[in-house]
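In: 3D, please:
(one chain, ligands or ions: 1)
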Amino acid sequence: MQNRKPIICVIGSFVVDLMSKSPHLPKPGQTVMGGPFHMGAGGKGSNQAIAAAKLGAEVGIVAALGRDEFGDMAYNALVEAGVGTAGVKRVEGVSTGIALIIVDDGSGENMIVVAPGSNDFLNKDDVKQAKERIAEADYVVMQLEIPLETVEYAARLAQEANTPVILDPAPGRPLPDELLANVDVLTPNEDEAQIITGIEIADLASAEQAAKHLLARGPRAVVITLGGLGALAVTKDETVHIPAFAVDAVDTTGAGDAFNGALAVALGEKLPLAEACRFAAAAAALSVTKVGTSIAAPCRSDVEKFLKQVRK
Ligand code: ADP
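Out: The predicted structure is shown next:
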């Protein structure tokens, strides 16, 4: 591994998670008395930035927040985690992104409404202003909770600056070839890979087929995450299955975010892809042993301790 900290530039969303458990999911028109209320920092961009910062990278985020209490909360959460906020803008007259989450206390099933709010206002100009940060970064990390044209523009800028891009194509949607051509590592989960390719993923063989389909559209590598089945990393030279580490899973929300944040750090430290995925899988496994998203992402020493233990 190299000595200096890897520099990661995340361009993405922030959302406040507002969550309550309910004895059952409400029917249309119904009001249900729920359990305790939880509020936390969420949104894939912020989660991945915080996950990478906890693992020791120098991380900055380009994001749009409202000028409201939730925006202040977001700002503080990022600062507390050591994420650089020079690229954060505040948008007047619009609310910070919110996710309303109801979890069925029995089955664990959930219902989520995301009000993207300020995230919809992250535009090309904001990315342009971060041009230098993009150029000096080891990796740019993006997801799809901000406008697609902003993601496309940022990928183009990064490509011009020779900074590789990791794109987590979540939430899943069909993607244009021009975008995929500017992506270095594409990291869909199985549902997203299915949405983009139309290939039904039922096992490792079909995951490999979907990955090869995606690879042909431009990225240097495709890593399909498969929940408890681990991840499949595919390049034109090799296909490697990285099994998930066996842990007592308590809450798997945010597993993908911990995985992506850690993957960026490990690739930024110049680990080969398969080894970087193993590091990411370890960080993701530790994150599912705790409730929450960014709050459940592990610190560097915990991941290293965990990897030493499983090697024994
Ligand atoms: P997403 O959260 O985007 O749906 P996944 O569910 O595929 O992503 O999880 C991302 C990664 O997290 C997986 O590739 C795996 O390494 C790890 N992971 C997910 N669920 C578990 C689990 N139950 N036990 C251990 N590791 C897990």
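In: contacting residues for the closest residue to Glu238 other than its chain neighbours?
Out: Once flanking residues are discounted, Glu238 sits nearest to Ala274: 7.7 Å by Cβ to Cβ, 6 or more residues apart in numbering. Every C-beta, even on glycine, is put in place using the N, C-alpha and C of the backbone. Neighbouring residues of Ala274 by Cβ atoms under 8 Å, 6 or more residues apart in numbering: 233, 238, 240, 242.
In: what strands line up against the host helix or strand of the first one, and which way round?
Out: Just to be clear, that refers to Ala233. For Ala233, the enclosing helix or strand under DSSP states H and E is strand 231-234. Paired strands of strand 231-234, with direction, are strand 221-225 (antiparallel), strand 239-242 (antiparallel) (DSSP bridges).
In: contacts for it next, please.
Out: The contact list for strand 231-234 (Cβ under 8 Å, 6+ apart) reads 204, 207-208, 211-212, 215, 221-226, 239-242, 244, 259, 273-274, 277, 280-281.
In: which pLDDT value goes with Asn110?
Out: Per-residue pLDDT puts Asn110 at 84.
In: tell me the contacts of it?
Out: By Cβ under 8 Å, 6+ apart, the contact set of Asn110 is 25, 101-104.
In: show me the residues you listed that map onto strands.
Out: 101-104 (DSSP state E).
In: could you list the low-confidence segments of the stretch 201-312 of the chain?
Out: The model of the stretch 201-312 of the chain has pLDDT under 70 over residues 312.
In: near the ligand, which residues of it show up?
Out: Proximity of the stretch 201-312 of the chain to the ligand (Cβ under 6 Å from any ligand atom) is limited to residues 225-228, 230-231, 244-245, 247, 249, 252, 255-256, 259, 281, 284-285, 288.
In: which helix or which strand is home to the residue in the chain positioned nearest to the ligand?
Out: As assessed by Cβ to the nearest ligand atom, the ligand sits closest to Gly256 within the chain, at 2.1 Å. Using DSSP H and E, Gly256 maps to helix 255-268.
In: fine by me, thanks again.
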